[in-house]
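S.K.: sequence isn't available, so here's the structure alone:
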């Protein structure tokens, strides 16, 4: 009687000693659950490997073709020229680097300051409201950002900044920065919050002000998570298609002078999206687009590995 009351008080109604049937049923459910999770994981890995195989297979013809030599040595992209087609991708890679750099130049300071404000300055109630609102930005369709860039930001730049065209590096970079902000703020804020109150109090105990403790102690302690946030934000900018297709101008050129952000450029993702629907399947142009996809895939894969490395360091520090 006493043990029954103790079990009810503890909120544990399942008997400690199971019958053979109950034990067998629990064993079967456990194995079925494990098998289901393994199957889902296995199919996900197989799907990724099949995507890799498909892209490499479709690009194999270009890799063994006569134009692979000029791919990394020319800035001229004229794949549909009848007499002398050219497949130089340097200008396209440079365009991707330009818009990504501008996006990070805008998003990293704003994202880091916002993360610091959320983690150490804003009250708990304010943080509970602001952080979900920031993360909702990530759910806005990229085509909506693209329309804003073309219909609002581009005319404003032409009117107030005197640009010849509003679809340029600066336009695409600013919109990509807005799209990367939720990722940077969320990951950086989690890393700053994971540092712990004891570290902050130790810094205050040594005479540091709040700003000194944040700059000299908290941010260096959370540097792995902050770097991971920046890399994830970079991946968001590099992999975006619709915004750069609509807002970058799609001009295959390297800006001259190099610092002129009012020039139109073309990115790798926009090239694939814009040309794929107009190419003949199996043609050299078609295969070259898949080769650009391999470059993009390799770059994002390396960035993903780097972000996982730094996030693993954050998780390890949390465990410690």
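M.R.: Sure thing, it's come through. Everything quoted here is computed from the prediction, not taken from an experiment. Numbers count the residues shown, from 1 in each chain.
S.K.: drop to CA atoms for contacts and neighbour counts, all remaining ones
M.R.: Will do.
S.K.: gap between residue 181 and residue 113?
M.R.: 11 Å (Cα to Cα, to the nearest Å).
S.K.: these two: which is more packed in?
M.R.: Applying other Cα atoms under 10 Å to residue 181 and residue 113 shows that residue 181 carries more neighbours, namely 28 against 15.
S.K.: and the gap between that one and residue 38?
M.R.: Separation of residue 181 from residue 38 (Cα to Cα): 34 Å.
S.K.: state the mean pLDDT of the host helix or strand of residue 219.
M.R.: Under the criterion of DSSP states H and E, residue 219 resides in helix 219-221. Averaged over helix 219-221, pLDDT sits at 89.
S.K.: which one is residue 157 nearest to, not counting chain neighbours?
M.R.: Nearest non-adjacent residue to residue 157, counting by Cα to Cα, 6 or more residues apart in numbering: residue 166, 5.6 Å away.
S.K.: the one you found contacts residue 148, doesn't it?
M.R.: No. Here residue 166 does not reach residue 148: they are 11.8 Å apart, not a contact under Cα atoms under 8 Å.
S.K.: between the two, who's got more neighbours?
M.R.: residue 166 (28 against 16).
S.K.: could you look up the SS state of that one?
M.R.: Assigned by DSSP: H, G, I helix; E, B strand; the rest coil, the conformation of residue 166 is coil.
S.K.: neighbours of residue 164, just the number please.
M.R.: Residues lying near residue 164 (other Cα under 10 Å) number 13.
S.K.: hmm, residue 156 and it touching each other?
M.R.: No. Residue 164 lies out of contact with residue 156 (Cα under 8 Å); the separation is 11.6 Å.
S.K.: need the phi and psi values for residue 265.
M.R.: phi -140, psi 180 (degrees, to the nearest 10).
S.K.: which pLDDT value goes with residue 88?
M.R.: We note a pLDDT of 90 for residue 88 in this prediction.
S.K.: before we move on, what about residue 12?
M.R.: Looking at residue 12, the pLDDT reads 54.
S.K.: so which residues of the protein form strands?
M.R.: Under the criterion DSSP state E, the chain carries strands at the ranges 77-78, 86-87.
S.K.: quick one: strands adjacent to the last one?
M.R.: The strands beside strand 86-87 in its sheet (DSSP bridges) come out as strand 77-78 (antiparallel).
S.K.: list of residues touching the strand it pairs with?
M.R.: 85, 86, 87, 88, 89, 252 (Cα atoms under 8 Å, 6 or more residues apart in numbering).
S.K.: what ranges do the helices span in the stretch 201-320 of the chain?
M.R.: 210-213, 219-221, 223-239, 242-247, 268-276, 284-319 (DSSP state H, counting those that start in this stretch).
S.K.: residue 138: which of the ones you listed is closest?
M.R.: Residue 138 lies closest to helix 223-239 among those, at 10.2 Å (Cα to Cα).
S.K.: touching that closest one from outside, list them.
M.R.: 96, 99-100, 103-104, 108, 112, 176-177, 179-181, 183-188, 190-192, 269, 296, 300, 303-304, 306-308, 310-311, 313-314.
S.K.: average pLDDT for stretch 188-198?
M.R.: 87.
S.K.: that stretch: which residues count as buried?
M.R.: Buried residues in stretch 188-198, counting neighbours by 16 or more other Cα atoms under 10 Å, are found at 188, 189, 190, 191, 192, 193, 194, 195.
S.K.: residues touching the second one, list them.
M.R.: Yep, that's residue 189 we're talking about. Per Cα under 8 Å, 6+ apart, neighbours of residue 189: 115, 116, 118, 119.
S.K.: does the second one touch residue 192 like I think?
M.R.: Yes. Residue 116 sits in contact with residue 192 when judged by Cα under 8 Å, with a separation of 7.3 Å.
S.K.: tell me where the model's unsure across the protein.
M.R.: For the chain, the stretches flagged by pLDDT under 70 are 1-22, 317-320.
S.K.: in it, where's the longest helix?
M.R.: Using DSSP state H to define each element, the chain has its longest helix at helix 20-63.
S.K.: give the other helices and strands that that helix contacts.
M.R.: helix 284-319 (3 or more Cα pairs under 8 Å, 6 or more residues apart in numbering; DSSP states H and E).
S.K.: identify each buried residue in the helix it packs on, please.
M.R.: Buried residues in helix 284-319, counting neighbours by 16+ other Cα under 10 Å, are found at 284-294, 296, 300, 303, 306-308, 310-311, 313-314.
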